[in-house]
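**Student:** The following comprises the amino acid sequence and a computationally predicted model.
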Amino acid sequence: MSRVGTLPIGIGGGVTVTLEHDNTVVVTGPKGALRQQVDPDIAVEVGADEVRVTRPTDQKRHRALHGLYRSLINNMIIGVSTGYRKELEVVGVGSKAEVKNGILELALGYSHPIFFLPPEGITVNADPGRRGQNPKITIEGIDKQMVGQVAAKIRSLRPPEPYKGKGVRYVGEYVRRKAGKTAAR
């Protein structure tokens, strides 16, 4: 049996889970509402204080979907109750990050500024940092996949390079450094 799929999903306070007729799970909570279409082969049972996901057979496809949908529903419950957050830092001399009218403006060492409009449901905040500190970007939302995707997109605008470590990185990310060509002498 699946270690992940067989675990029941606890429903916290203020969160309601409903199952629609076309096997769509709708989770509503204090931060918003999310919906997920579940494969017709996978059964979802909504109880008073927990949700269970079951599969009909031990086929490879059913085993894969079993754990997947259990994790997706669990992430939805966590998202509408507490939300998700990712933090990035911008490293480099002259690098800036600020939010104006909901649009993230980045100066990443290119000849032009980069403007990033976050998708609906995602909020982006920027702390410009004080003298000697790197600017920080905070991405928040209720959809775990969307928060991660937006963070990865912002990081891809200037990924950290291995020689001086300049670029956009996750807070706490380790960037492996290279010595450069002067180390050979």
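**Tutor:** Received it, and whenever you're ready, just let me know what you need. Residues are numbered from 1 along each chain as shown.

**Student:** check contacts around the residue lying closest to Glu87 once chain neighbours are set aside.
**Tutor:** Computed as C-beta to C-beta, 6 or more residues apart in numbering, the closest residue to Glu87 that is not its neighbour in sequence is Val171, at 4.2 Å. In short, each C-beta sits where N, CA and C put it, glycine included. Going by C-beta atoms under 8 Å, 6 or more residues apart in numbering, Val171 touches Glu87, Leu88, Glu89, Lys136.

**Student:** And Gly32, by the same measure?
**Tutor:** Val80, Gly121, Ile142.

**Student:** Can you say which of these are buried?
**Tutor:** For these, a burial check counting by 16 or more other C-beta atoms under 10 Å picks out Val80, Ile142.

**Student:** Out of the contacts of Gly32, which is nearest to Val44?
**Tutor:** Closest to Val44 out of these is Val80 (16.6 Å), distances taken as C-beta to C-beta.

**Student:** So the closest one: helix, strand or coil?
**Tutor:** Counting by DSSP: H, G, I helix; E, B strand; the rest coil, the backbone at Val80 sits in helix.

**Student:** Let me see the contact set for it.
**Tutor:** For Val80, the contacting residues are Val15, Val27, Thr28, Gly29, Pro30, Lys31, Gly32, Ala33, Leu34, Ile142, by C-beta under 8 Å, 6+ apart.

**Student:** Just the pLDDT at the first one, thanks.
**Tutor:** Among the per-residue scores, Val15 holds a pLDDT of 92.

**Student:** these two touch, right, it and Ile78?
**Tutor:** No. Applying C-beta atoms under 8 Å as the test, Val15 and Ile78 come out as separate, 9.4 Å apart.

**Student:** I'd like to know which of the contacts of Val80 are buried.
**Tutor:** Counted by 16+ other C-beta under 10 Å, the contacts of Val80 give Val15, Val27, Thr28, Gly29, Lys31, Leu34, Ile142 as buried.
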